[in-house]
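S.K.: Next one to model:
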Amino acid sequence: MPLKDLIRSAVGRKLFMAITGFILFGFVVAHLLGNLSIYLGANGINAYAEHLHQLEPLLWVFRIGLLVAFGLHVFFGSILTLENWKARPIVYKRKKHQRSTLAGRTMIYTGLLLTLFIVFHLLHFTFRLIGPETEILAGGLPNVFLMVLESFRQVGFALAYLVAMTILFFHLSHGFASLFQTTGLNNDVALPWLERLSRAIAVALAAGFVSIPVLIFFGLVIK
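M.R.: Predicted coordinates for the structure are as follows:
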C-alpha cells in the first residue's frame, strides 16, 4: 500500500502509532536505566552524563529522531481520537464500558499531560532554566548528581515528578498492550494476558522513576 494511502487509513494510522509508541517506549526504558545510575553516587551519574556528552553529534541525531517519533505519535493519536469522537457524536447519559479501561479512555488526556511534563522536564534538567542553581564541574558540565538532589529535596519538584509518573503509569498501562493489539493479538485468549503484562511493565517503569524523587526527598540518597 502506498504511504499516502496508509496514512489516510485508520489501520495505517494505528500502525504508525504502534511504531512510534514502541520507539518512545524504548527511550523511556533507556532513560530510566540512565537515571538509576544516581544510586551509584555522584561518580556514577556524572560519568553517565559525561559519556552522553562525548556522544554529542550522535546524540543530536538520536534527539531529532526521537522528536520526529514523538511528533508523529501525538499527531496520529490526536487524529484517531477526533475520528473516534466524531463517529460517536451522541453523548449518552449513562455510558457502559464493557471492555475499555480508565487508562484506555483517557489516553488522549494523559498523553497531553505528559507532553506538558516533557516541556517542564526539559526546562528543568536539560536547559536548566528552572530549579536550583547548578554547580559546574571542571570539565564544564553540570554536577548532575547535586542538581538532582537539590531539586528533589524541594517538595514542589518532588510532587510534580510523582504526579507525572503516575500519569505515565496510566498511559503505558494501556499503550503497551495496544502495541500488540495493533498487530492482531487482540483475541479473547491473548488480550487479558497482554493487559496484565502491560500493567506490570507500567508499574515497574513508573516505580523506578518515582523511587528517585521519593528516596531523595526523604534523605535516603545523600552526597
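S.K.: Which positions within stretch 40-59 qualify as buried?
M.R.: By neighbour count on 16 or more other Cβ atoms under 10 Å, the buried set for stretch 40-59 is 45-46, 48-49. The C-beta positions use only the backbone N, C-alpha and C, and glycine is treated the same way.
S.K.: try stretch 72-79
M.R.: Those would be 72-74, 76-77, for stretch 72-79 by 16+ other Cβ under 10 Å.
S.K.: quick one: L168 from I45, how far?
M.R.: 21 Å (Cβ to Cβ, to the nearest Å).
S.K.: cool, and G21?
M.R.: 28 Å.
S.K.: what about the closest residue to F120 other than its chain neighbours, helix or strand, and which?
M.R.: Spatial nearest neighbour of F120, chain neighbours left out: A160 (7.1 Å); criterion: Cβ to Cβ, 6 or more residues apart in numbering. Element membership of A160, judged by DSSP states H and E, is helix 155-182.
S.K.: circling back to that earlier point, can you lay out the buried residues of stretch 72-79 as CSV showing pLDDT and secondary structure?
M.R.: CSV is the format used below for those (pLDDT from 0 to 100; DSSP: H, G, I helix; E, B strand; the rest coil):
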residue, pLDDT, secondary structure
L72, 95, helix
H73, 95, helix
V74, 94, helix
F76, 92, helix
G77, 92, helix
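S.K.: quick one: low-confidence parts of the chain?
M.R.: For the chain, residues meeting the criterion pLDDT under 70 lie at 1-3, 89-99, 183-187.
S.K.: Please, where are all the helices along it?
M.R.: Secondary structure of the chain by DSSP state H: the helices cover 3-8, 10-35, 42-54, 56-87, 102-105, 107-121, 144-152, 155-182, 190-217.
S.K.: and among the ones you listed, the most buried is which?
M.R.: helix 144-152 (a mean of 21; mean count of other Cβ atoms under 10 Å).
S.K.: Helix 155-182 and that one, what's the angle between them?
M.R.: 100 degrees (axes from the mean of the first three to the mean of the last three Cα atoms, to 10 degrees).
S.K.: Can you tell me what sits against helix 144-152?
M.R.: Helix 144-152 is contacted from outside by 38, 41-42, 44-46, 48-49, 124-125, 128, 131-132, 134-135, 157-158, 161, 212-213, 216-217, 221-223, using Cβ atoms under 8 Å, 6 or more residues apart in numbering.
S.K.: Cool, thanks, talk later.
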